[in-house]
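Fold the following for me, if possible:
(4 chains)
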There are 4 protein chains.
Amino acid sequence: RPWPGHGQPSSTEGGDVDLGTVFISEVIGTGMLTLLGCGVVANVLLTRSKGFNGGWLLINFGWGLAVFAGVFVAYQSGGHINPAVTLGILASGADEYAPGVDITIGSTFTYFGGEFLGAFIGAVVAFFAYRKHFEAEEDETKKLAVFSTGPELRSYGWNFLTEVVGTFVLVLVVLSFANTPNELGPLAVALLVVGIGASLGGPTGYAINPARDLGPRIAHALLPTSRREIRVPTAGRYAADPGTGPGPGDEDVPAAPQRKSSDWKYAWVPVAGPIVGGVLAGLLSQVVF
Amino acid sequence: RPWPGHGQPSSTEGGDVDLGTVFISEVIGTGMLTLLGCGVVANVLLTRSKGFNGGWLLINFGWGLAVFAGVFVAYQSGGHINPAVTLGILASGADEYAPGVDITIGSTFTYFGGEFLGAFIGAVVAFFAYRKHFEAEEDETKKLAVFSTGPELRSYGWNFLTEVVGTFVLVLVVLSFANTPNELGPLAVALLVVGIGASLGGPTGYAINPARDLGPRIAHALLPTSRREIRVPTAGRYAADPGTGPGPGDEDVPAAPQRKSSDWKYAWVPVAGPIVGGVLAGLLSQVVF
Amino acid sequence: RPWPGHGQPSSTEGGDVDLGTVFISEVIGTGMLTLLGCGVVANVLLTRSKGFNGGWLLINFGWGLAVFAGVFVAYQSGGHINPAVTLGILASGADEYAPGVDITIGSTFTYFGGEFLGAFIGAVVAFFAYRKHFEAEEDETKKLAVFSTGPELRSYGWNFLTEVVGTFVLVLVVLSFANTPNELGPLAVALLVVGIGASLGGPTGYAINPARDLGPRIAHALLPTSRREIRVPTAGRYAADPGTGPGPGDEDVPAAPQRKSSDWKYAWVPVAGPIVGGVLAGLLSQVVF
Amino acid sequence: RPWPGHGQPSSTEGGDVDLGTVFISEVIGTGMLTLLGCGVVANVLLTRSKGFNGGWLLINFGWGLAVFAGVFVAYQSGGHINPAVTLGILASGADEYAPGVDITIGSTFTYFGGEFLGAFIGAVVAFFAYRKHFEAEEDETKKLAVFSTGPELRSYGWNFLTEVVGTFVLVLVVLSFANTPNELGPLAVALLVVGIGASLGGPTGYAINPARDLGPRIAHALLPTSRREIRVPTAGRYAADPGTGPGPGDEDVPAAPQRKSSDWKYAWVPVAGPIVGGVLAGLLSQVVF
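Below you'll find the predicted structure:
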């Protein structure tokens, strides 16, 4: 059973797709995913952004439509843009990762490589698109939240379970798409991601994708996101900025800038949880579909 | 006239579907429905969830996309995932419940069984996905609301009428889907449920599905949802928690924890109302379509 | 050029549709429209409804999906459910109102009759679905707003213009649907109505449909919506209710209940504006499409 | 490779489309775009509008569905309604701007002319639809925001980059639409614009279209938008209006009305940024698709 690419009848005429094309395709698709996905979180969280405090549904639509755009541009590789989807297809016993892409160790790691690299690049571009808002923001926790997920109530076991459940839903439903006729194309998976975010995103922020979380977390660690690191070039419109050098005699400086942390202790949860959830869904699909 | 499965042209090539497949299919589909549906209510209601206070439209999209996912995974049984839909199809004079599934007493009760069992299981999984937030929540009323519907202004007669009207709309429109060409697939019924929630969900919270309400209500009764029942393992991040053991000299303990209630007095309304509404719609469809 | 029914390829095999079928179809479709449409306004405006204060986008989706449901159930008559659409099709020089429905004086008035009657009935059902919330609501202005539109800044001329513009957009875009291939079916017009509400609904509440406004306004005039008229059967949960009889010695009664008004002075605006806008769009479509 | 018109299989039967038709088509389409797009901003920003303070997602859906309507009515010219899309198609090496429209200097400027003229006209109509709300509004900054975009944190370089990124996403994804089978029609680009707004609109308000910004900015400069210019005909409902002539003895007049400015210093950013972004996407599409 070939993987038809997010539920659509594929053009079966095509021949083999070479792994370089698969790699580029996944880089572009996953880059689009985290560019738009990290973007919507920046829009809602960072001070003075026009979408500030725009609500959870805005974040859900932002991420859902990020998937929408990412799957469209990654059409040559079937638009996985998520290692948990790649693994779920593998576990489902499919013949191909996409029309013309055989399942091999080499193609599997090509997907992984493209997905993680793309996720990193997309987050870097999102950072530059919101550069001035990172400069203006004092809360370092929010800055990390733009890049990576984190739990509201930290409990590694339960957080892990929540990520397993969310990704299980994602992959199981995606694997069922081809069985019901529709012409939604990538909109089907986009809406599914809106729904998972609305319903299961509350405890951990729904990574449901190891690349989506780890790639941007590395970007966060490397980029000059903290106020200490950012050289604010002009005093500009926010003069009372505690991070841009108070004058010599200025004694009652406000609370010291927060220390930047990429929260590496939590980083395994949104990687391992989605992997387990995706594989479980792939295995179950062999039984029930 | 066969039931084409939520308005789509069915693959007529298939032979008979055995009742075991129907049962499993409805369990998975209705489980997906209440996992995501109860999930979105948990997200909006429970303290410290990321979607806390996210608004009615978020709940509407959450439930609508829960239907979307549920109908996709239950494609083998036509994706009823709702006894009121099953009964509406029966009352409409259709030939089949789904392509290859004859209408008999046995198949009817197979649908019911799968629907109620699935709805129960989905709610249990949703509880575990939000486990820490149930622990942190003090308001028992909200916890019940995650599982089951309840009226804002209690009046069994008028509440019953509201559920009749909502389900009547659901089933009548679903029965009309096949008559207008479109390729929306399960998105059509998902959007319909978004609309019914937005428009008719105000008074009772739109069960419009006996299984969706009763299955999770039983789960609520059985699960350790109340703070008394939950053994909070670590003091964790919310130390001033009145339920986790105040110190010996602590005399002005806040108000005693609320008593848990599954509100069984109301439980017949979201079962009987949808049944009546679904049957009425099925009968009317024989006259007007 | 036949009217293909909200932009979809029609099943051309059908023969003539008799006017009785057209009438019933438009009654059901327009009834669905105002049931769900008035319902979402009740949900957002009336005290203690679950969607209270749910925001403008909730109202936009509610009305848009009301159109979605209405067009589906009214498939036999092409799903006009709006006299401005009927007139726009007439002015566009089409051959038929729907596949198998000739354009004649008789069929035109059959559409009008079904549309106005359906709009009246739908509003009555919405009232009963929200009956307890009408009883609990003190603000008579909100109650009228559930049924009919009204301007925020009253200026008959400018309000009229706004309704002309909104309906012009509706009918012009609807008349263009058939020219771009898609399989959205009634979703296309539903989303268009979401968009018109979001964009042009601010000043007058976007009637953009004479039946949608006048039918419910008549229902408002006839139904016992005001607190004076409603016999609240039990003191129930809102005891401090000024309309249900203060005790004899109770002297500082709050402000007297508002007088009920159906605002007939404004009623011509959401009838005439949509008619003019629809006809203008139909005429323009002859030139530009 | 012909441009299939926002991702749909085009009716290849048609012959040549003359440039007059292209011009009219783009005028109508881009007019629809800014009528609905400026409309939703007016609805959210202007005092006493029904959608006042309706949130960022409402604005995103308003603009997205404005694209939806605009692409439908501009079907004869392929629905560019955006010079950045026109340039992106040019840079992508396509054969045609739309089925039957060759790429020449003449046709390119015909698109540009229609797009800018249409964008101007649409904004003028939106102004008249919200006329009374412009009269009632005191904040001149909001009035400009109805017409044109502006940055939250002014930094011409970074603002330019944000517009480049947003338009790059728009054009790259649009150029990929034809490669994935779906029957969404103009809904695909509409949802893409919802997503770009949600994700990348935070810093600059996402012009991502030179005509959408410049046309309405010219309209703002020419129209009597400020309270000084507007002759309020009747004292009406807002008597304490500082702009409509306080009485002779009225000494403590509130702060003088703000000076109207169309912010021409910024006007180059939302023109140049989208041009660069669109061309970059077109060039990249030659390499990766």
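
show me where the stretch 101-250 of chain A has strands.
A:101-102 (DSSP state E, counting those that start in this stretch).

Low-confidence regions, it specifically.
Along the stretch 101-250 of chain A, segments meeting pLDDT under 70 span A:228-250.

Spatially nearest residue to the spatially most central residue of chain A, not counting backbone neighbours?
By Cα atoms, centre = their mean, the mean C-alpha position of chain A lies nearest to residue A:212, the distance being 2.9 Å. Sequence neighbours aside, residue A:119 is the residue nearest to residue A:212 in space, at 5.6 Å (criterion: Cβ to Cβ, 6 or more residues apart in numbering or on different chains). For glycine as for every other residue, the C-beta is placed from the backbone atoms N, C-alpha and C.

how close does the one you found sit to chain B?
Residue A:119 is 21 Å from chain B, where distance means Cβ to the nearest Cβ, to the nearest Å.

cool, residue A:98 as well?
Taking Cβ to the nearest Cβ, one finds residue A:98 at 20 Å from chain B.

Same question for residue A:33.
Taking Cβ to the nearest Cβ, one finds residue A:33 at 19 Å from chain B.

OK, contacts around that residue?
A:66, A:67, A:69, A:70, A:81, A:118, A:119, A:122, A:212 (Cβ atoms under 8 Å, 6 or more residues apart in numbering or on different chains).

and it, helix, strand or coil?
Under DSSP: H, G, I helix; E, B strand; the rest coil, the three-state class of residue A:33 is helix.

Skipping adjacent residues, who's closest to it in space?
Closest residue in space to residue A:33, ignoring its immediate chain neighbours: residue A:70 at 3.8 Å, by Cβ to Cβ, 6+ apart.

How about residue A:44?
The nearest residue in space to residue A:44 (Cβ to Cβ, 6+ apart) is residue A:54, at 4.8 Å.

wait, what's in contact with the one you found?
Residue A:54 touches A:43, A:44, D:55, D:56, D:57, D:198, counting by Cβ under 8 Å, 6+ apart.

Now the phi/psi pair for it, please.
The phi/psi pair for residue A:54 (degrees, to the nearest 10) reads phi -80, psi -10.

quick one: the helices in chain A?
With DSSP state H, the ranges of helices along chain A come out as A:19-45, A:56-73, A:83-91, A:105-129, A:131-136, A:140-147, A:156-176, A:187-200, A:210-222, A:269-288.

And the residue of chain A closest to chain C?
residue A:183 (5.0 Å; Cβ to the nearest Cβ).

got a list of what that residue touches?
Residue A:183 neighbours (Cβ under 8 Å, 6+ apart): A:8, B:183, B:185, C:183, D:181, D:182, D:183, D:184.

go again using 10 Å as the cut-off
A:7-9, B:182-185, C:182-184, D:181-185 (Cβ atoms under 10 Å, 6 or more residues apart in numbering or on different chains).

do the same with residue A:87
Contact analysis of residue A:87 by Cβ under 10 Å, 6+ apart lists A:80, A:108, A:111-112, A:167, A:171, A:210, A:274-279, A:281-282.

give me that answer again for 6 Å
A:278, A:279 (Cβ atoms under 6 Å, 6 or more residues apart in numbering or on different chains).

per-residue confidence at it?
pLDDT, residue A:87: 98.

ditto for residue A:273
Predicted confidence (pLDDT) at residue A:273: the value is 98.

Residue A:74 now?
pLDDT at residue A:74 comes out at 98.

Correct me if wrong: residue A:199 contacts residue B:38.
No. The pair residue A:199 / residue B:38 is not scored as a contact, 8.1 Å apart, by Cβ atoms under 6 Å.

who's more crowded, those two?
When residue A:199 and residue B:38 are compared for neighbours, residue A:199 comes out ahead with 35 against 32, by other Cβ atoms under 10 Å in any protein chain shown.

which one is that one nearest to, not counting chain neighbours?
With Cβ to Cβ, 6+ apart, the residue lying closest to residue A:199 is residue B:39, at 3.4 Å.

how near is that neighbour to residue C:50?
From residue B:39 across to residue C:50, the span is 18 Å (Cβ to Cβ, to the nearest Å).

Next: residue A:204.
For residue A:204, the distance to residue C:50 equals 27 Å [Cβ to Cβ].

One more: residue A:129?
38 Å.

Have a look at residue A:204 and residue C:50 and say which one is more surrounded.
Neighbour count, other Cβ under 10 Å: between residue A:204 and residue C:50, residue A:204 has more, with 30 against 21.

doesn't residue A:162 make contact with that one?
Yes. Using Cβ under 6 Å, residue A:204 is in contact with residue A:162, at 5.0 Å.

is any part of stretch A:263-271 close to chain B?
No. Stretch A:263-271 is not in contact with chain B by Cβ under 6 Å from any Cβ of the partner chain; minimum separation 13.2 Å.

buried stuff in that stretch?
For stretch A:263-271, the neighbour count (16 or more other Cβ atoms under 10 Å in any protein chain shown) marks A:263, A:266, A:267, A:269, A:270, A:271 as buried.

how near is the second one to residue D:274?
Which is residue A:266. Distance from residue A:266 to residue D:274, counting by Cβ to Cβ: 39 Å.

circling back to that earlier point, for residue C:145, state which of the contacts of residue A:183 is nearest.
Taking Cβ to Cβ as the measure, residue C:184 is the one of the contacts of residue A:183 closest to residue C:145, at 30.5 Å.

Pop out the phi and psi values for the closest one.
Residue torsions, per degrees, to the nearest 10, at residue C:184 are phi -80, psi -20.

distance of the nearest residue to residue A:47 once chain neighbours are set aside from residue A:225?
In this structure, residue A:47 finds its nearest non-sequential neighbour in residue A:137, 5.1 Å apart by Cβ to Cβ, 6+ apart. In this view, residue A:137 and residue A:225 are 9 Å apart by Cβ to Cβ.

sorry, back to before: show the pLDDT at the residue nearest to residue A:33.
pLDDT, the model's per-residue confidence, is 98 for residue A:70.

and if you look at residue A:14?
pLDDT, residue A:14: 56.

repeat for residue A:2
For residue A:2, pLDDT reads 52.

Same check on residue A:264?
Reported pLDDT for residue A:264: 98.

Tell me how many other residues crowd the nearest residue to it once chain neighbours are set aside.
The shortest distance from residue A:264 to any non-neighbouring residue, by Cβ to Cβ, 6+ apart, is to residue A:217 (7.7 Å). Here the number of neighbours of residue A:217 (other Cβ under 10 Å) works out to 26.

So residue A:217 versus chain B, what's the distance?
Going from residue A:217 to chain B by Cβ to the nearest Cβ gives 18 Å.

Check residue A:175 too.
The value you get for residue A:175 to chain B, if Cβ to the nearest Cβ is used, is 9 Å.
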